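Enquirer: I need the structure of the sequence given here:
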Amino acid sequence: MLASSNPILYIYSKMNQKELILRGRRLSSADVAYIRQTVDTHWEKGRSWISRFICQQWDWRQPNGQLKDMACRAILLRLEELELLKLPPRKCAGRNNRHPSFAPPSGFSTNPLVGTVGEFAPLKLEMVRWSKGERLWNWLVQTYHYQGYRLIVGPHLKYLAYLGGQVVACLGWGAPAWKVGSRDRFIGWNQEQRRSHLHFLLNNVRFLILPWIRVKYLASQVLASNIKVLPSDWQRFYQHPVVLLETFVDTSRFRGTCYQASNWLWVGQTKGSGKRGNHYYYHGQPKTVYLYPLRKDFREVLTGD
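Expert: Numbering: from 1, shown residues only. Just a heads-up that it's a prediction; the model follows:
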């Protein structure tokens, strides 16, 4: 697909180095040449098939054994941006950029709840990943969260919180940000340590208290209750522990009170940039960074000491 009499020399000239590091994986020029040949050979089978095939050939898997095909697809896109290969056209629109149309569930209650947590039945959390409750979570986040619904790429868990038998909150946990200056200084790791141990972190990607719920201290109690079960749920689903949680609070909208009340640590602010696809852009809205260590020895785990 790319005009070059010597693909290896072409790749070296485009890379300007002997290897690339994408999605935490080191790619030599020979690796890139193999990917390019695989794409050309299996062009008609499409991007998804190609990414799964490459993962199978490399035995590139998550700790729970699932293929890292989403990470592989991100690598393919980045290599195309670098003009190291040409990908076949998409067979359907990218799911992460769609705005799905979720239908509200029948009989869903929007009855207002007003008071304090103690006035209602005990708080209950339900982990809804890969269950019927996940569709309710998706609809609620799409409808009521200011950022809406987006596909959470990679390993993730979703929770619904109930009070008095009624859904009151949604929480989502997924992959952490690749690089955050204040967080990385707090941990004290270097680039190689971050690359090797980033999967021990989780990001609170969504937290929603439904708008008709006016229950004092609910947010901090929901968060604290979720943190108690999150490590064991994550270990069960993905077969590796987590030692540190992170979140980013838009202080133009929220004060972060529930994180402060749940003993999260303020460590600084982001630079006001975000990621769109494989590119970073400046949006001018820094967010406050909070961290929550799940173990006293989190630094030793994350730095490999």
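Enquirer: mean confidence for stretch 26-34?
Expert: For stretch 26-34, the mean pLDDT works out to 89.
Enquirer: for that stretch, the distance to its chain's centre please.
Expert: Distance, stretch centre to chain centre, for stretch 26-34: 26 Å (C-alpha atoms, centre = their mean, to the nearest Å).
Enquirer: same deal with stretch 35-49?
Expert: In terms of C-alpha atoms, centre = their mean, the centre of stretch 35-49 is found 26 Å from the chain centre.
Enquirer: repeat for stretch 195-215
Expert: Worked out by C-alpha atoms, centre = their mean, stretch 195-215 lies 10 Å from the chain centre.
Enquirer: residues of it that come out buried?
Expert: Neighbour-count burial for stretch 195-215 flags 195, 197-210, 213, 215 (criterion: 16 or more other C-beta atoms under 10 Å). Just so you know, the C-beta spots here come from the backbone N, C-alpha and C atoms, and that holds for glycine as well.
Enquirer: ends of that stretch, how far apart?
Expert: Start and end residues of stretch 195-215 are separated by 41 Å (C-alpha to C-alpha, to the nearest Å).
Enquirer: One more: stretch 70-90?
Expert: From its first residue to its last, stretch 70-90 covers 15 Å (C-alpha to C-alpha).
Enquirer: Distance from the chain centre to that stretch, please.
Expert: Stretch 70-90 sits 20 Å away from the centroid of its parent chain (C-alpha atoms, centre = their mean).
Enquirer: Could you tell me the phi and psi values at Val167?
Expert: Dihedral pair for Val167: phi -70, psi 130, per degrees, to the nearest 10.
Enquirer: Now for it: which residues touch it?
Expert: Counting by C-beta atoms under 8 Å, 6 or more residues apart in numbering, Val167 makes contact with Phe108, Ser109, Leu136, Leu140, Leu160, Ala161, Leu210.
Enquirer: can you check Pro104 too?
Expert: Contact analysis of Pro104 by C-beta under 8 Å, 6+ apart lists Trp139, Thr143.
Enquirer: State the distance from it to Ala161.
Expert: 18 Å (C-beta to C-beta, to the nearest Å).
Enquirer: Equivalent analysis for Lys86, please.
Expert: Separation of Lys86 from Ala161 (C-beta to C-beta) stands at 47 Å.
Enquirer: Next: Trp173.
Expert: Noted for Trp173: a distance of 13 Å to Ala161, by C-beta to C-beta.
Enquirer: before we move on, back to that, which member of the contacts of Val167 is positioned nearest Thr251?
Expert: Nearest to Thr251, judged by C-beta to C-beta, of the contacts of Val167 is Leu210 at 21.9 Å.
Enquirer: doesn't Ala161 make contact with that closest one?
Expert: No. Between Leu210 and Ala161 there is no contact under C-beta atoms under 8 Å: 9.5 Å.
Enquirer: any residues in contact with both of those two?
Expert: Val167, Val168, Ala169, Cys170.
Enquirer: how much space between the first one and Glu134?
Expert: Distance check for Val167 against Glu134: by C-beta to C-beta, it reads 13 Å.
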